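In: no sequence on this one, just coordinates:
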Ligand code: ATP
Ligand code: MG
């Protein structure tokens with residue numbers, strides 16, 4: 001079968017089991033269960049998206065997405081542990097404890113004649129708001145974002161179905177938008193962020209035509225709801241490749257749409273500190289993920305927004321506010337402005353502020369203060385943050401070192417450390433009386 005893609009003829013291909021490396025032993029048991037149950041109920045069932053892409057690249061897939069010709073309601077009837085989600089895209093989530101297998105019904109392309117029931121909703125500017133018209137596997141392939149994300153692994157015969165030339169692009173190391181990049185980015189500007197995310201993660205080149213359009217159309221991200229951009233930020237920065245992703249986002253002028261205040265500070269050449277702090281924080285995040293340690297959006301946002309907060313904090317102090325008042329006001333104002341770009345749920349913004357507010361307090365360690373901080377629920381995060389700032393040259397190394405030791409020693413030694421800091425009070429009582437002057 002032949003079809004056209006940006007002027008190129010593309011032959012749909014079926015790559016048989018013996019000609020590709022995907023093996024069932026690399027697929028999660030739960031995903032296999034879902035595939036087989038669909039197949040046994042006489043539906044078509046394919047693995048698609050990142051799972052197939054990553055397995056073809058010899059990488060461990062992050063999750064498994066399934067495409068089928070069963071409608072969402074039919075999927076729900078097959079699985080007890082199923083939940084239908086999404087308005088923009090109606091999807092079935094099959095829940096297995098912490099693992100979620102996403103099952104999507106084949107969709108027709110936007111603008112297709114089959115749009116009789118109003119299942120597709122497109123804005124004037126071309127953005128797709130709703131896309132729920134069902135179609136065939138081939139139609140489904142053409143409405144996906146990149147060719148390498150449109151490869152389907154068929155549970156029926158273990159072959160891979162390729163309608164868009166994804167196999168060739170996997171071999172060429174090319175991230176190619178399916179269809180016209182301009183139209184596809186206008187339909188959904190988040191695809192530009194996805195391009196950068198995949199390019200950073202798997203080290204592929206973005207094809208030149210798409211690249212040019214990213215520079216041109218990045219500004220469309222301002223129309224994307226802040227909540228969706230928050231979800232995307234988490235995928236960009238908590239996916240294990242935060243540092244490369246950050247550098248690429250800045251390269252394509254996309255970072256400014258996610259963190260406008262941070263970009264302003266980074267763009268001020270003379271100030272290297274924010275760049276080092278952000279890069280270190282992202283490097284740490286990647287390392288923690290690599291080691292299987294937990295990461296939190298609170299810490300990530302704390303690092304990304306610290307320089308704007310710090311600048312406003314200094315400014316407000318210069319205007320006469322106390323250090324504490326200035327910091328609290330600066331943090332509120334930065335959060336309010338950030339929420340216009342990406343949302344940040346309160347369960348993250350509260351601990352983020354704790355981390356910030358504890359920074360000046362970590363310097364004041366005398367008397368009972370050190371102990372109070374040490375017992376604070378967010379002490380460890382605040383200390384980690386202090387270390388980052390010290391490494392970036394923006395906090396006192398001696399203070400950071402003091403806290404490192406404080407955590408390592410026993411209570412008696414801690415008391416001694418605090419005693420050494422506590423300034424000696426002047427002795428009472430023996431002061432010479434002032435001479436009374438009598439007139
Ligand atoms: P990851 O490894 O991060 O999960 P992924 O490619 O699987 O990468 P998902 O967000 O899980 O990404 O989406 C699954 C698949 O759905 C994609 O591979 C792509 O085919 C399709 N898709 C997702 N988002 C879009 C979009 N905005 N536009 C078009 N297709 C999309
Ligand atoms: Mg996926």
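Out: Yes, it's here. The model shown is predicted, which means the values in this text are computed figures rather than measured ones. Ligands and ions are numbered 1, 2, ... in the order given.
In: Read off the pLDDT value for the closest residue to ligand 1 within the chain.
Out: Taking C-beta to the nearest ligand atom as the measure, the point where the chain comes nearest ligand 1 is residue 50, at 2.4 Å. Where C-beta positions appear, they are placed from N, C-alpha and C, glycine not excepted. For residue 50, the pLDDT comes out at 96.
In: for residue 90, same thing?
Out: Per-residue pLDDT puts residue 90 at 87.
In: Also residue 335?
Out: Residue 335 carries a pLDDT score of 98 in this model.
In: swap in residue 274?
Out: Among the per-residue scores, residue 274 shows a pLDDT of 87.
In: now residue 393
Out: On the pLDDT scale, residue 393 is placed at 89.
In: what sits against it?
Out: Shown in contact with residue 393 (C-beta atoms under 8 Å, 6 or more residues apart in numbering): 273, 276.
In: isn't there a helix covering it?
Out: No. Going by DSSP: H, G, I helix; E, B strand; the rest coil, the assignment for residue 393 is coil, not a helix.
In: quick one: it from ligand 2, how far?
Out: Here residue 393 is placed at a distance of 39 Å from ligand 2 (C-beta to the ion, to the nearest Å).
In: and if you look at residue 124?
Out: Taken as C-beta to the ion, the span from residue 124 to ligand 2 is 31 Å.
In: where's that residue, which helix or strand?
Out: Secondary-structure element containing residue 124, defined by DSSP states H and E: none, the residue being outside all helices and strands.
In: what number of residues lie near it?
Out: When neighbours are counted by other C-beta atoms under 10 Å, residue 124 registers 5.
In: Pull the contacting residues for it.
Out: Residue 124 is in contact with no residue at all, counting by C-beta under 8 Å, 6+ apart.
In: hang on, the earlier thing: thought the residue of the chain closest to ligand 1 was touching residue 149?
Out: Yes. Checked against C-beta atoms under 8 Å, the pair residue 50 and residue 149 is within contact range at 6.8 Å.
In: now the helices for the stretch 151-300 of the chain?
Out: 166-172, 181-187, 190-202, 208-217, 226-237, 242-251, 255-258, 260-267, 273-290, 297-318 (DSSP state H, counting those that start in this stretch).
In: I'd like the average pLDDT over the second one.
Out: Meaning helix 181-187. The average pLDDT for helix 181-187 rounds to 97.
In: Show me what it is packed up against.
Out: Secondary-structure packing of helix 181-187 (3 or more C-beta pairs under 8 Å, 6 or more residues apart in numbering; DSSP states H and E): helix 190-202, helix 208-217.
In: Give me whichever of these is most buried.
Out: Each of these was scored by mean neighbour count; the highest is helix 190-202, a mean of 21, by mean count of other C-beta atoms under 10 Å.
In: touching ligand 1 at all, that helix?
Out: Yes. Residues of helix 190-202 are located near ligand 1 by C-beta under 6 Å from any ligand atom, namely 190, 191.
In: Sweet, I'm off.
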